[in-house]
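Asks: What follows is a protein structure lacking sequence information:
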């Protein structure tokens with residue numbers, strides 16, 4: 001039987017100072033990190049399998065890698081809006097935001113609702129989560145209707161001016177992933193990018209140019 005303590009013990013063994021230093025160089029908050037690689041966390045997650053209660057307990061430990069592991073082993077069907085809101089409030093680095101959104105939140109019944117809500121928030125990592133959810137939903141939900149993604153584009157256009165690095169990169173990511181789903185969405189994403197390019201904002205112009213560079217290659 002897996003317990004929080006037994007898992008934390010394994011994570012401590014897997015962590016290395018070199019990996020922790022590497023995380024720090026990439027702008028990750030390592031104040032509660034052990035220096036465990038994502039592949040190692042995924043391998044451990046496969047051994048543990050899905051366990052909602054354990055995921056909640058691992059999150060409460062506060063350990064950076066334990067929280068990423070929680071997103072790997074949690075059951076999307078059991079995740080509530082309350083849990084999503086509580087976890088998002090505690091995002092303190094881009095990797096935790098991206099892993100939790102891409103491993104778990106985008107697979108819940110609330111993914112679209114939360115993507116829209118978070119994209120309008122002011123807090124840097126909460127806002128990033130909104131656009132990461134859009135990007136990850138575009139990648140993982142193969143059956144989603146085009147209209148879902150078309151509804152995201154005005155939000156992307158509106159927030160493209162945000163010059164915070166972790167926000168603008170997520171806005172760009174969402175725009176590119178939506179455009180790569182199919183020809184219809186690619187055309188809409190390119191039109192959105194061309195309008196964004198006209199904004200009097202260096203951040204918006206970067207978002208647009210980078211997206212257009214990729215999307216026009218596959219047009």
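Replies: Looks like it came in fine. All values reported here derive from a predicted model rather than from experimental measurement.

Asks: I'd like the average pLDDT over stretch 194-212.
Replies: The average pLDDT within stretch 194-212 is 98.

Asks: Give the residue spans of the chain that score low on pLDDT.
Replies: 219 (pLDDT under 70).

Asks: how about the helices in this protein?
Replies: 4-14, 17-25, 38-48, 52-61, 64-73, 81-89, 94-103, 111-119, 124-140, 146-159, 165-179, 183-196, 202-215 (DSSP state H).

Asks: tell me, what residue is most central in this structure?
Replies: In the chain, the centroid-proximal residue (CA atoms, centre = their mean) is residue 98; its distance is 2.8 Å.

Asks: And it, how far from residue 42?
Replies: 14 Å (CB to CB, to the nearest Å). Any C-beta I mention is one placed from the backbone N, CA and C, and that applies to glycine too.

Asks: on that earlier part again, residue 31 is nearest to which of the helices of the chain?
Replies: helix 64-73 (8.2 Å; CB to CB).

Asks: packing partners for the closest one?
Replies: On a contact count with 3 or more CB pairs under 8 Å, 6 or more residues apart in numbering; DSSP states H and E, helix 64-73 meets helix 4-14, helix 38-48, helix 52-61, helix 94-103.

Asks: Residues contacting it, please?
Replies: 4, 7-8, 11, 15, 28-30, 32-34, 36, 38, 41-42, 44-45, 48-51, 54-56, 58-59, 61, 93, 95-96, 99-100, 103-105 (CB atoms under 8 Å, 6 or more residues apart in numbering).

Asks: For residue 45, grab the count of nearby residues.
Replies: Using other CB atoms under 10 Å, residue 45 is surrounded by 20 other residues.

Asks: try residue 105
Replies: With other CB under 10 Å as criterion, residue 105 counts 27.

Asks: how's this structure carved up into domains?
Replies: 1-74, 81-219 (automatic domain parsing).

Asks: which of those is buried the deepest?
Replies: domain 81-219 (a mean of 19; mean count of other CB atoms under 10 Å).

Asks: any idea how far residue 57 is from residue 106?
Replies: Taken as CB to CB, the span from residue 57 to residue 106 is 23 Å.

Asks: meant to ask about residue 48
Replies: 21 Å.

Asks: ditto for residue 161
Replies: Distance of residue 161 to residue 106, computed by CB to CB: 25 Å.

Asks: now swap in residue 175 and tell me
Replies: Separation of residue 175 from residue 106 (CB to CB) stands at 16 Å.

Asks: Please look at residue 78 and residue 51 and confirm they touch.
Replies: No - look at residue 78 against residue 51 with CB atoms under 8 Å: they stay out of range, at 10.0 Å.

Asks: and stretch 25-37, how far out from the chain's middle?
Replies: Taking the mean of its C-alpha atoms, stretch 25-37 sits 17 Å from the chain's own mean (CA atoms, centre = their mean, to the nearest Å).

Asks: Quick one: end-to-end length of that stretch, please.
Replies: For stretch 25-37, the first-to-last residue distance is 14 Å (CA to CA, to the nearest Å).

Asks: Run through who's touching it.
Replies: Residues from elsewhere that reach stretch 25-37 (CB under 8 Å, 6+ apart): 11-12, 14-24, 62-65, 92-95.

Asks: For stretch 52-61, which outside residues touch it?
Replies: With CB under 8 Å, 6+ apart as the criterion, stretch 52-61 contacts 2, 4, 7-8, 48, 66-67, 69-71, 73-75, 78-79, 83, 87.
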